[in-house]
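Asker: Here is the input, now give the coordinates:
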Amino acid sequence: MVARNIKEHDPTFKDPADTVTVENDMTLSGANTFSGANTHSGANTFSGANTYSSTNTYSVGLQCTSVSRVATSDGTGTGTIASGGKVITVTSTDNDFIIILPTAVPGMEIMLIKDTSISTAGYEIRTHFPQSCSINGGTGSAAESAIGSTVPLVILRAVTTAAWIGQQYANTGGIISVEPAA
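Answerer: Numbering: from 1, shown residues only. Got it, this is the predicted structure:
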């Protein structure tokens, strides 16, 4: 195993057994692939598509940046969550407007956060393919789950490539299941 300290820009490491130590804060952009065990400390910023193929350790924590989505009448455009979305801030102007989930990947978790003081309408959640990908067991040609106007947080977890399980949280911290898509 070779340990290297990055002190210059554009380092290239060819040996998969190399250990890389970054002495200061690190920013990476573009597509990056990390294999082997990785330890991240300090202020690290990763943008672009990053692929991790082994265990990663974060000494302080991992924070995902929120992405804004605006519910639309059919869920397209700003109403669609892109693949890889994790923390989504939802705005809606109509209880019947729709947010579409990305393709389900087992283990994927999405948090939908709504500031109820700014966005007073509820919204509906639909899977990428509602005929065969369910929310809490419900499917159909235009199946969707309604989220009330006072619900500040919804967490959805993909349990298979064809099923999401969802819970919604009240301002008081109470948890109830998202209604099955219908």
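Asker: where in this protein is pLDDT low?
Answerer: Of all residues in the chain, those with pLDDT under 70 make up the ranges 1-62.
Asker: Show me the domain layout of it.
Answerer: Structural domains of the chain, as assigned by automatic domain parsing, span the residue ranges 3-58, 67-177.
Asker: Pull the number of nearby residues for R69.
Answerer: Number of residues near R69 (other CB atoms under 10 Å) recorded here: 23. C-beta here means a position set from N, CA and C on the backbone, and glycine is covered the same way.
Asker: so which strand or helix has it?
Answerer: In this assignment (DSSP states H and E), R69 forms part of strand 67-70.
Asker: Can you list the buried residues in the next helix or strand after that strand?
Answerer: On the C-terminal side of strand 67-70, the closest following helix or strand by DSSP H and E is strand 87-91. When burial is assessed from 16 or more other CB atoms under 10 Å, strand 87-91 yields the following buried residues: 88-91.
Asker: Ok, stretch 65-74 next?
Answerer: Neighbour count says stretch 65-74 has 69-72 buried, by 16+ other CB under 10 Å.
Asker: Could you identify the most distant pair in those residues?
Answerer: R69 and T72 (9.2 Å; CB to CB).
Asker: list the residues that contact both of the two?
Answerer: Common contact partners of R69 and T72 (CB atoms under 8 Å, 6 or more residues apart in numbering): 78-79.
Asker: Spatially nearest residue to S68 (excluding sequence neighbours)?
Answerer: Taking CB to CB, 6 or more residues apart in numbering as the measure, S68 lies nearest to T89, with 4.8 Å between them; neighbours along the chain are not counted.
Asker: Surely the one you found is in contact with C64?
Answerer: No: no contact is recorded between T89 and C64 when judged using CB atoms under 8 Å, the distance being 11.7 Å.
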